[in-house]
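quick one, what's the 3D model for this:
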Amino acid sequence: MTKNKNLEFSDFLEYFPEIELPVTLTDETIYDFSKNNPILPAELSDKFLSPYLGSKDEAFREFIPCFKIPDTTNFHALVFWEGGLLTYEYNLICFDNKGNFIQGKVLAGTIADKDSIKKSVATIDPDWMIYIVAGESGKDEFEYEASKSRAFNMELLANGEIIFSLDD
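From the prediction side, this is the model:
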């Protein structure tokens, strides 16, 4: 595929509608986002996402833009869903106003392997606090066991950095 070198950061941003917070990210909410937001064209994901996501099997990945976090002035905080082989994740990625990468983190999703299924959900509050609950079950277990869950917090700072903390 020939890459379009004329793609601008503003073209990429157009795919991310600004929404009102709070928002909760679960396996089911991707259906709402995908109804309103088209899959990100490969040329845009290749230029603005893939360089920061590490090496994964590109042939089986797709990206659905979800939203832009409101009220950011010195940066853009974008949430997208990434679907791959047995991995479905919501990511938060931050860029400065010129399109330079600041930082990115996985917020929520589902990862399945031969032995287990790991799931997490996240809520982003209006004050940019991100609350995450993650759990794991064996591949043959159908009941969720809350005692095996862990809670995490992240905070989106005014400079586009994302800090992480573990609840005790």
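
got the contact list for the residue nearest the centre of the chain?
The centroid of the chain falls nearest to Asn91 when counting by CA atoms, centre = their mean (1.5 Å). Under the criterion of CB atoms under 8 Å, 6 or more residues apart in numbering, the contact list for Asn91 reads Leu53, Val79, Phe80, Trp81, Glu82, Gly104, Lys105, Val106, Leu107. Yep, even glycine has a C-beta here, placed from its N, CA and C like the rest.

can you flag which of the residues you listed belong to helices?
Among the contacts of Asn91, no residue falls in helices (DSSP state H).

sorry, back to before: any idea of the pLDDT on the residue nearest to the centre of the chain?
The model reports Asn91 with a pLDDT of 97.

show me what it bridges to in the sheet.
Using DSSP bridges, the bridge partners assigned to Asn91 are Phe80, Val106.

and the gap between it and Lys114?
24 Å (CB to CB, to the nearest Å).

Lys114 and Phe60, how far apart?
The value you get for Lys114 to Phe60, if CB to CB is used, is 17 Å.

neighbour-wise, which of those two wins?
Counted by other CB atoms under 10 Å, Lys114 and Phe60 do not tie: Phe60 has more neighbours, with 11 against 6.

show me what contacts that one?
Neighbours of Phe60 in contact, by CB under 8 Å, 6+ apart: Gly84, Leu85.

next: Thr110.
Each residue near Thr110 by CB under 8 Å, 6+ apart is listed here: Asp27, Thr87, Tyr88, Glu89, Ile117, Lys118, Lys119, Ser120.

just checking: what are the partner strands of the helix or strand harbouring the fifth one?
This points to Ile117. Using DSSP states H and E, Ile117 falls within strand 116-124. In the sheet, strand 116-124 lines up against strand 23-25 (antiparallel), strand 101-112 (antiparallel), strand 129-138 (antiparallel) (DSSP bridges).

contacts for that strand?
Outside strand 116-124, the residues within contact range by CB under 8 Å, 6+ apart are 21-27, 69, 79, 90, 107-112, 130-139, 156.

the helices in this protein, which residues?
Using DSSP H, helices in the chain cover 9-13, 29-36, 42-48.

next, the buried residues of the shortest one.
In this case it means helix 9-13. For helix 9-13, the neighbour count (16 or more other CB atoms under 10 Å) marks Phe9, Phe12, Leu13 as buried.

make TSV from those and add distance to Ser147 and pLDDT to it.
Output for these, formatted as TSV (distance: CB to CB, whole Å; pLDDT from 0 to 100):
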residue	distance to Ser147	pLDDT
Phe9	45	96
Phe12	42	97
Leu13	42	97
